[in-house]
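>>> Structure here, sequence nowhere to be found:
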């Protein structure tokens, strides 16, 4: 005799502190770089502007970042996104970016993923029947960024591209005394966040073959040297005036149809598995500034960590304060990896997470 199949029991949360809501998340990755998007469970982030909300979260809700990003729920290279309302009338959503050290001003790999997420989870209206692309306006701490999501039947499909905030060069051929390497010449450019750029060869390293630990150590040393010897300024806000990290390149800045390889080390020695969307933005601005690229000339950028590729091009000239700038288009592919609900037990001494170094 056949028996009726039993429906699976609905998922149930494990024992947890009833006074602490579970953090419900969707996990994605873009070119190997993770993104943990909070669906529910984060307390309200107060503040009249996105930058004010960023300050509020840092001061009052940093335990949420640690619980999402740190072990045992994450790892030192995890990345997160908390969605918040935006004060900008054209924005579909606002976002705060989370990493192992704090809160960044821009994250290109996250924007590429959030474009898909916003369309698939109904944060923007489905495009008209037959439309092959949907626009998602994402308010990042650095400003409003437009993501363009390929779609089919109203759902995301294929790569996403975004148009950056104005990207510009802050300094070129800047001599910096780097411990263990002597005087090293670096460039500093902004793509929603500031990066120092230097060829790995100047540090005695081949970014395509060197050990990741050696690249991390060298890049981190450059970052600390630049912070100590050069003042970062931004024409719009002091909240944006900080060096996010260092990008070591293969030195191939002259235009080529072959990908140029780099590795980005940011925050507290966090390694980007992707080519780094905001880094590609800044590097395009740097190459355009140096006359190595023309408008709408596409370059491919390859991650030394995973081999994943983003493309970028300067689509038009712009201004940022007194700086000549460009709007950069970056393209890449994001994928979903799963969902989770994270809970807290009030007697857990490690409930807010920890990091090993």
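Good, I have the coordinates. Source: prediction; values computed, not measured. Residues are numbered from 1 along each chain as shown.
>>> Give me the secondary structure label for residue 65.
Following DSSP: H, G, I helix; E, B strand; the rest coil, residue 65 is assigned to helix.
>>> Disregarding residues adjacent in the polypeptide, which is nearest to it?
residue 98 (4.5 Å; Cβ to Cβ, 6 or more residues apart in numbering). (Glycine included, C-beta is placed from N, CA and C.)
>>> Per-residue confidence, that neighbour, what does it come out as?
Predicted confidence (pLDDT) at residue 98: the value is 98.
>>> Could you report the neighbour count for it?
Using other Cβ atoms under 10 Å, residue 98 is surrounded by 27 other residues.
>>> do the one 5 residues further on as well
In terms of burial, residue 103 registers 20 neighbours under the definition other Cβ under 10 Å.
>>> Could you do the one 4 residues further on as well?
Close neighbours of residue 107, defined as other Cβ under 10 Å, add up to 32.
>>> Low-confidence stretches in the protein?
Low-confidence segments of the chain, defined by pLDDT under 70: 1-10.
>>> would you list every one of the helices in it?
For the chain, the helices defined by DSSP state H cover 50-60, 62-69, 108-120, 212-229, 277-289.
>>> Distance to residue 337 and mean neighbour count added to these, as TSV?
Formatted as TSV, the helices of the chain follow (distance: least, Cβ to Cβ, whole Å; neighbours: other Cβ atoms under 10 Å):
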stretch	distance to residue 337	mean neighbour count
helix 50-60	24	17
helix 62-69	15	20
helix 108-120	10	28
helix 212-229	22	18
helix 277-289	18	30
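>>> List the contacts of stretch 341-357.
11, 13-17, 19-20, 22-25, 41, 63, 66-74, 76, 100, 269 (Cβ atoms under 8 Å, 6 or more residues apart in numbering).
>>> Of all the residues in that stretch, which ones are buried?
The neighbour-count check on stretch 341-357 (16 or more other Cβ atoms under 10 Å) flags 341, 342, 343, 344, 351, 353 as buried.
>>> of those residues, closest to residue 163?
residue 342 (33.5 Å; Cβ to Cβ).
>>> Skipping adjacent residues, who's closest to the residue nearest to the spatial centre of the chain in space?
Closest residue to the average C-alpha location of the chain: residue 107 at 2.4 Å, with Cα atoms, centre = their mean. Distances taken as Cβ to Cβ, 6+ apart put residue 97 closest to residue 107, at 4.5 Å, once the chain neighbours are dropped.
>>> Any idea what that neighbour is bridged to?
residue 81, residue 104 (DSSP bridges).
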